[in-house]
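Chemist: sequence first, predicted coordinates after that:
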Amino acid sequence: MNKTDKAKEKAGEVYEDVKAGVKKEVHEISDTIKKNPKKTMAIVAYFIFFVPLLTKDRKDEFVWYHTKQGIGLFLFASILRGIIAALGGPPYTSFGSSLSSLLIPIAHIILIILIVMGVLNASGGKTKPLPFIGKYAEKIF
């Protein structure tokens, strides 16, 4: 057997290992969703906050808590976007566009981090407020 055949064989083994691992993870996630649909709705609230409001799970305290956090996150993102747009100044000005082009990626990173934190809290069954905005979301709603 030459080196190419050995490499192909090794690549095939790695592929099968990865495939088996992915199948296992998919089955575990599927089982979690089937066993606890409320966690699923709590997770969905961080991506599309109004979906849990349209289901019977809206009456569940855990789902409602994460829906409030999702609404707070949406409002925070909207306010942040408005502030960045206001700081951007008139279109086609070098200062405004360079400031906006710097702040937009930073804002996106912050929002992604907050979403991940919320999803991890929801999937872990925790009712922990998000940094910066969580306590305000609890008070407002």
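Modeler: Ah, there it is.
Chemist: assign Pro131 to helix, strand or coil.
Modeler: Assigned with DSSP: H, G, I helix; E, B strand; the rest coil, Pro131 falls in the coil class.
Chemist: that one: what's it in contact with?
Modeler: Each residue near Pro131 by Cβ atoms under 8 Å, 6 or more residues apart in numbering is listed here: Leu114, Met117. For every residue, glycine as well, the C-beta is placed using N, CA and C.
Chemist: now it: how far from Asn121?
Modeler: 11 Å (Cβ to Cβ, to the nearest Å).
Chemist: the strands in this protein, which residues?
Modeler: Using DSSP state E, the chain contains no strands.
Chemist: which stretches of it aren't confidently modelled?
Modeler: Within the chain, the stretches with pLDDT under 70 are 1, 7-8, 25-26, 28-34, 89-98.
Chemist: center of it - which residue?
Modeler: Ile115 (3.6 Å; Cα atoms, centre = their mean).
Chemist: I'd say it and Ala45 touch.
Modeler: No - contact criterion Cβ atoms under 8 Å: Ile115 and Ala45 do not qualify, at 10.5 Å.
Chemist: hang on, Phe62 packs against Thr127?
Modeler: Yes - shown here, Phe62 and Thr127 form a contact pair, counting by Cβ under 8 Å, at 6.7 Å.
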